[in-house]
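>>> Return a 3D structure for these sequence lines:
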Amino acid sequence: MASYSSTPGRVDADIIYIGYPKAASTFIGRFLESHPEVTTDHDLLTPLLLAPADDSATAIRKESCSNKIHVSIDEMTALSICGVTEEKWKSCRLVPDTWDEVKDEVVLDPAVAALRLQKVHASAKVLLLIREQADWLHSAYKHYIRHLPSRHRRFADFCATPQGIACLQAGHFDQLIGAYIDVFGSNRVHALRFEDIVRAPKRFSAELCAFVGISERPIPQRRENESNAQVARFRKHFPIIDCFPPRLKNILKPVAAHLPGGRRVILSSHEIRMLRGIYAASNQRTEKLIAQLSTARRN
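Reported below is the predicted structural model:
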């Protein structure tokens, strides 16, 4: 097992947990960090991807022994955003039509991301959590809508931002899973489905805990950090709300959140069909890769 130190940059991970943002990554992260056999760190992986290619992060080393499994949690790793400076990315990421300002710096490539992480966490296993793409992108759009310019809050506007482009690319799960299999090996990669948290919680918990190497515990049946569709809809059609003083917004938000339709989809049927069409071939390849991983675990 890995050694553990509370000092950032001094942890050798047993598990790299790559849960897509808005795909229960916070929920599963809290489940893991509450487990008595687990230690965690957060948001230490993204800096490894954003660093220049020749800036090797080799500071991680083993220190005092631990009898716990150490999990490094960083949901943004799933987007495979490599190379661009954090300041540059933050200034452009949610502004439509600014891709040209970052395209010469940023690399959206899970193969590059996997190699960078393996260079630092050479003996780690990789846990992935994926979610049906139309559902996932709908949730991401609801989350990010408040950060979009007031007159550019359509789903198409989100898709035209660097963040949206990164999300669209990351939705090709076969590329992500395949890259980590190539770098870490089939026996050290496991992909779970967001949907199984509800439809097959016992199986989900059993697979999660077995892969991490900890005793099985039930998955709590509650929601974490969920974006409300009515709140997002108000922000889309009445962006002036986001100019209100925080005190007033804090009064209005729970009112909107309790209106009917809080879980109703705000994407159009055309947008949903478009997304499902984009990822149809990718999903077929993803199914084959997940079957490959299942075979590797049995053997």
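>>> how far is stretch 170-177 from where the chain is centred?
12 Å (CA atoms, centre = their mean, to the nearest Å).
>>> got a list of contacts for that stretch?
Stretch 170-177 is contacted from outside by 18, 20, 78-80, 108, 110, 128, 130, 133, 136-137, 189, 191, 275, 278-279, 282-283, 285-286, 289-290, 293, using CB atoms under 8 Å, 6 or more residues apart in numbering. C-beta: built from backbone N, CA, C; applies to glycine.
>>> same check, this time on stretch 291-299
The contact list for stretch 291-299, computed with CB under 8 Å, 6+ apart, reads 177, 181, 186, 187, 189, 190, 191, 211.
>>> mind listing which of these are in helices?
Using DSSP state H, the subset of the contacts of stretch 291-299 located in helices is 177, 181, 211.
>>> Do I have it right that residue 183 meets residue 115?
Yes - under the criterion of CB atoms under 8 Å, residue 183 makes contact with residue 115 at 5.8 Å.
>>> ok, what's across the strand from residue 69?
Beta bridges link residue 69 to residue 38, judged by DSSP bridges.
>>> so it touches residue 211, yeah?
No - contact criterion CB under 8 Å: residue 69 and residue 211 do not qualify, at 10.4 Å.
>>> count of residues packed around residue 16?
Counted by other CB atoms under 10 Å, the residues lying close to residue 16 total 25.
>>> Give me the mean pLDDT for whichever strand or helix holds it.
In this assignment (DSSP states H and E), residue 16 forms part of strand 15-19. Strand 15-19 shows an average pLDDT of 93 in the prediction.
>>> Run through the neighbouring helices and strands of it.
Under the contact criterion of 3 or more CB pairs under 8 Å, 6 or more residues apart in numbering; DSSP states H and E, strand 15-19 touches helix 25-33, strand 69-73, strand 125-130.
>>> quick one, which of those is nearest to residue 196?
Ranking the helices and strands packed on strand 15-19 by their distance to residue 196 (criterion: CB to CB) puts strand 125-130 first, at 9.7 Å.
>>> Which strands border that closest one, and is each parallel or antiparallel?
With DSSP bridges as the test, strand 125-130 is paired with strand 15-19 (parallel), strand 189-193 (parallel).
>>> The first one: which residues count as buried?
What that stands for is strand 15-19. For strand 15-19, the neighbour count (16 or more other CB atoms under 10 Å) marks 15, 16, 17, 18, 19 as buried.
>>> Report the angle between that strand and helix 25-33.
150 degrees (axes from the mean of the first three to the mean of the last three CA atoms, to 10 degrees).
>>> And the contacts of strand 15-19?
The contact list for strand 15-19 (CB under 8 Å, 6+ apart) reads 25, 28-29, 32, 45, 69-75, 77-78, 117, 121, 124-129, 176, 180, 212.
>>> Quick check on the ones in helices among the contacts of stretch 291-299: which are buried?
Buried among the ones in helices among the contacts of stretch 291-299 (16+ other CB under 10 Å): 177, 181, 211.
>>> Considering helices and strands only, name the one in the chain with the lowest mean pLDDT.
Within the chain, no helix or strand scores below helix 246-257, which has a mean of 61 by mean pLDDT, DSSP states H and E.
>>> got the CA positions of the top helix by length along the chain in CSV?
The helix spanning the most residues in the chain, taking DSSP H as the definition, is helix 280-298. Coordinates of each C-alpha in helix 280-298 appear next as CSV, following Å, rounded to 0.1, in the frame of the first residue of the first chain:
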residue,chain,number,x,y,z
ALA,A,280,-23.3,6.2,-30.9
ALA,A,281,-20.2,4.7,-32.5
SER,A,282,-18.0,5.6,-29.4
ASN,A,283,-20.5,3.9,-27.1
GLN,A,284,-20.2,0.7,-29.1
ARG,A,285,-16.5,0.7,-28.7
THR,A,286,-16.9,1.6,-25.0
GLU,A,287,-19.0,-1.5,-24.5
LYS,A,288,-16.2,-3.7,-25.9
LEU,A,289,-13.6,-2.0,-23.7
ILE,A,290,-15.7,-2.5,-20.6
ALA,A,291,-16.1,-6.2,-21.5
GLN,A,292,-12.4,-6.4,-21.9
LEU,A,293,-11.9,-4.9,-18.5
SER,A,294,-14.4,-7.4,-17.0
THR,A,295,-12.5,-10.3,-18.6
ALA,A,296,-9.2,-9.0,-17.2
ARG,A,297,-10.6,-8.8,-13.7
ARG,A,298,-11.9,-12.4,-13.8
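>>> Just the angle for it relative to strand 189-193, thanks.
Counting by the same axes, to 10 degrees, helix 280-298 lies at 120 degrees to strand 189-193.
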